[in-house]
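Asks: Just the structure for this:
(one chain, ligands or ions: 1)
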Amino acid sequence: MKKGLRSRLAQYGDEEFALFLRRGFLKGAGFTDEALDRPVVGILSTASDFNPCHATAGRLAEAAARGVRLAGALPFVFPTVSLHEAFSFPTSMLLRNLMAMDVEEMVRALPLDAVVLIGGCDKTIPAELMGAISADMPAILLPVGAMLAGRHEGVRLGACTDCRRLWAAFRAGKLAPADLDRAHDQLMPTAGTCMVMGTASTMACLAETLGFTLPGAATAPAVSSDRIRIAEATGKRAAEMAVAGGPTPRQIISAAALRNASVVLQATCGSTNATVHLAAIAGRAGLIYDLAELDAVGRETPVLLNLKPAGNFFMEDFHSGGGLPALWRRLREQLDLSAPTVNGEAIGDIVARWPAWTDDEVVRPLDRPICPGEAIAMLSGNLAPNGAAIKLASATPKLCNHRGPALVFDSLKDLADRIDDPDLPVTPDHVMVLRNAGPIGAPGMPEAGALPVPKKLGARGVTDMVRISDARMSGTAFGTVVLHVAPEASAGGPLALVRDGDIIALDAGKRRLDVEVDEAELAKRRAAWKPPPKPARGYARLYAERVTQADKGCDFDFLAG
Ligand code: FES
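Replies: Here you go, the predicted structure:
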């Protein structure tokens, strides 16, 4: 196979002319022949002024390029779609597959022998891994790293767990606007991704566990010298992979690696969003992410990582407390230590050489977990035939076994219009249902699943209720929230058939989610159901027609395998 600038020549019907032209253009940019004969490492940058989580991406690309040159190869930095949670209308999840396609096609089209993928904010790491697995070129992931924690009036603050806490206090009239303003300046005090165990931190930890990063790459703070050194080392390793021709992503990912990811997802009390992303990542390799196995793993895996929102600390504490390999060491009986990594070492090799010191408060020993039970459980029942997820570690225990009348919101707009209506007929026993907020319905399955507690109940001190939807929830959120109901309402799932007052039964211990309406009545309602109209054109049309449901990862059906 042709390597470096000789690879993937533009098709003029004359390869030598195509190479002559390509090299000519680079000579025009000031390159020498000696440089142009080197192996080529692409550095995929997600730097964007619209992505403050990636404000350091340019500096990381420079450091990675330095590493590439130190190893004798030639770096080329190139852009891709960059997604930030707060800058992606209507939701970044809608665009994750677009980014994955861009990554896959550009990695395939460009003359590179290996690629460094710089990602971090929630959807970017999943999109990059999906695209890289499909392209199957030697690839190594470089997370941008998490922000440092903020400080306000003696309290450490974390985005976005404390964003939600402070906003809820403001909504309930317990925090003055001026106090909210002062805290606002400290919620995101540096560049980097959210520093709690939200989706970005979860996906960085899972990428490292799957073997796609150098050890320590998930946890080093965005603004630390460790992060820059990791970037340089990542570039150096990518140059070695360019020469060796591997490992490729499909040589890294396996059923064993995915099971390891499930163990770490449970032990870190990671984001429920990871269940969707892991299914999509696995699907790109022709594998099935086993949600039943995730549930079973959870039953035997305590939560050991003491990070917000389940615990007290932040990503910087995890890094200085030992990082992910220290957690793997605690979990070594449950992990497949033979799983390979891009570094050329197996997980077990890294555990064996990693410094022994571990901060026992941050990475708890097995006999002193944060939470003895499972973090994430998978439910099924007549309301969710293809499954639903609940983060038990963030739920109110007594609400995890609850029967109550449904209060149905038909859409995000309906929710926004009525949730704070003083006449809303709602009691703390109600089960709030949000539908048509799934992959097709919203579209893009936004993080709307943690429906706000209605103002009138909040004022009475109610802080949690059972909430059910076909949407997702931020990894930084909490509550008794059932998510990812599949099939979604807009695909004709049973959620579409629920009416106000129907009794819904949640029994998380038995992993059941049911609506207590007999099958004959449900069949009658099903016959009257009409699918919503599809978007008229463009990417939204493609998305609505080809997106899979949450249990399959919400990827496009034609991109799997
Ligand atoms: Fe980017 Fe939280 S918004 S990681």
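Asks: and the closest residue to A508 other than its chain neighbours, how many neighbours?
Replies: Sequence neighbours aside, C400 is the residue nearest to A508 in space, at 3.9 Å (criterion: C-beta to C-beta, 6 or more residues apart in numbering). In short, each C-beta sits where N, CA and C put it, glycine included. When counting by other C-beta atoms under 10 Å, one arrives at 17 neighbours for C400.
Asks: likewise the one 4 residues further on?
Replies: The burial count assigned to G404 is 18, neighbours taken as other C-beta under 10 Å.
Asks: Then the one 5 residues further on?
Replies: By the other C-beta under 10 Å criterion, the neighbourhood of F409 contains 22 residues.
Asks: try the one 10 residues further on
Replies: The tally of other residues near I419 (other C-beta under 10 Å) stands at 18.
Asks: Likewise for A86?
Replies: Neighbour count for A86, taken as other C-beta under 10 Å: 13.
Asks: Three-state assignment for it, please.
Replies: helix (DSSP: H, G, I helix; E, B strand; the rest coil).
Asks: Can you give me the separation between it and the ligand?
Replies: 6 Å (C-beta to the nearest ligand atom, to the nearest Å).
Asks: measure the residue lying closest to M197 once chain neighbours are set aside to D359 for me?
Replies: Of all residues not flanking M197 in the chain, L307 sits nearest, at 4.3 Å (C-beta to C-beta, 6+ apart). Going from L307 to D359 by C-beta to C-beta, to the nearest Å gives 12 Å.
Asks: so what sits against both of the two?
Replies: D317 (C-beta atoms under 8 Å, 6 or more residues apart in numbering).
Asks: and these two? which has more neighbours close in?
Replies: Higher neighbour count among L307 and D359: L307, with 28 against 15, using other C-beta under 10 Å.
Asks: Ramachandran angles for D417?
Replies: Note on D417: backbone dihedrals following degrees, to the nearest 10 are phi -70, psi -30.
Asks: So what's the residue count around it?
Replies: D417 has 11 neighbours, counted by other C-beta under 10 Å.
Asks: do you know how far it is from D410?
Replies: Distance, D417 to D410, by C-beta to C-beta: 10 Å.
Asks: For the stretch 1-150 of the chain, which residues are neighbours of the ligand?
Replies: C53, H84, E85, A86, C121, D122 (C-beta under 6 Å from any ligand atom).
Asks: hang on, the earlier thing: got phi/psi on the residue nearest to M197?
Replies: phi -110, psi 150.
Asks: now the longest helix anywhere in the chain: mean pLDDT?
Replies: When the chain is parsed with DSSP state H, its longest helix is helix 225-244. The pLDDT scores in helix 225-244 average 98.
Asks: ok, then the element right after that helix?
Replies: Following helix 225-244 in sequence order, the next helix or strand is helix 249-252 (DSSP states H and E).
Asks: What mean pLDDT does that following helix get?
Replies: pLDDT averaged over helix 249-252 gives 98.
Asks: The next helix-or-strand element following it packs against which elements?
Replies: Next helix or strand after helix 249-252 toward the C-terminus (DSSP H and E): helix 255-267. Secondary-structure packing of helix 255-267 (3 or more C-beta pairs under 8 Å, 6 or more residues apart in numbering; DSSP states H and E): helix 199-210, helix 273-284, helix 291-299, helix 323-330.
Asks: Any chance you could give me the next helix or strand after the third one in CSV, C-alpha atoms only?
Replies: When you say that, I think you mean helix 291-299. Once helix 291-299 ends, the next helix or strand along the chain (criterion: DSSP H and E) is helix 315-320. The C-alpha coordinates for helix 315-320 follow below in CSV (Å, rounded to 0.1, in the frame of the first residue of the first chain):
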residue,chain,number,x,y,z
MET,A,315,-11.4,15.5,37.4
GLU,A,316,-8.2,17.3,38.5
ASP,A,317,-8.5,15.3,41.8
PHE,A,318,-8.9,12.1,39.9
HIS,A,319,-5.8,12.9,37.8
SER,A,320,-3.6,13.8,40.8
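Asks: What residues does the stretch 151-300 of the chain have near the ligand?
Replies: Close to the ligand, as judged by C-beta under 6 Å from any ligand atom, the stretch 151-300 of the chain has residues T193, C194, G198, A200.
Asks: Please tell me which one of these counts the most neighbours.
Replies: Neighbour-wise, those (other C-beta under 10 Å) top out at A200, 33 neighbours.
Asks: Surely the residue nearest to A508 is in contact with R511?
Replies: No. Contact between C400 and R511 fails when scored by C-beta atoms under 8 Å: they sit 10.7 Å apart.
Asks: how close does the residue in the stretch 451-561 of the chain that the ligand sits nearest to get to G245?
Replies: Using C-beta to the nearest ligand atom, the single residue of the stretch 451-561 of the chain nearest to the ligand is T476, 7.5 Å away. Distance, T476 to G245, by C-beta to C-beta: 40 Å.
Asks: Same check on A442?
Replies: Separation of A442 from G245 (C-beta to C-beta) stands at 42 Å.
Asks: for G67, same thing?
Replies: Relative to G245, and taking C-beta to C-beta, G67 is found at 19 Å.
Asks: More neighbours: those two, which one.
Replies: Neighbour tally, G67 and G245, criterion other C-beta under 10 Å: the higher count belongs to G67, 24 against 14.
Asks: So which bits of the helix or strand hosting the more buried one are buried?
Replies: G67 belongs to helix 57-70 when assigned by DSSP H and E. Going by neighbour count (16 or more other C-beta atoms under 10 Å), the buried part of helix 57-70 is A57, R59, L60, A61, E62, A63, A64, A65, R66, G67, V68, R69.
Asks: Buried residues, the helix or strand of the chain with the lowest mean pLDDT. List them.
Replies: Taking mean pLDDT, DSSP states H and E as the measure, the chain has helix 161-171 as its least confident helix or strand, at a mean of 86. Buried residues in helix 161-171, counted by 16+ other C-beta under 10 Å: T161, D162, C163, R164, R165, L166.
Asks: What is the burial count for E15?
Replies: E15, neighbours per other C-beta under 10 Å, totals 13.
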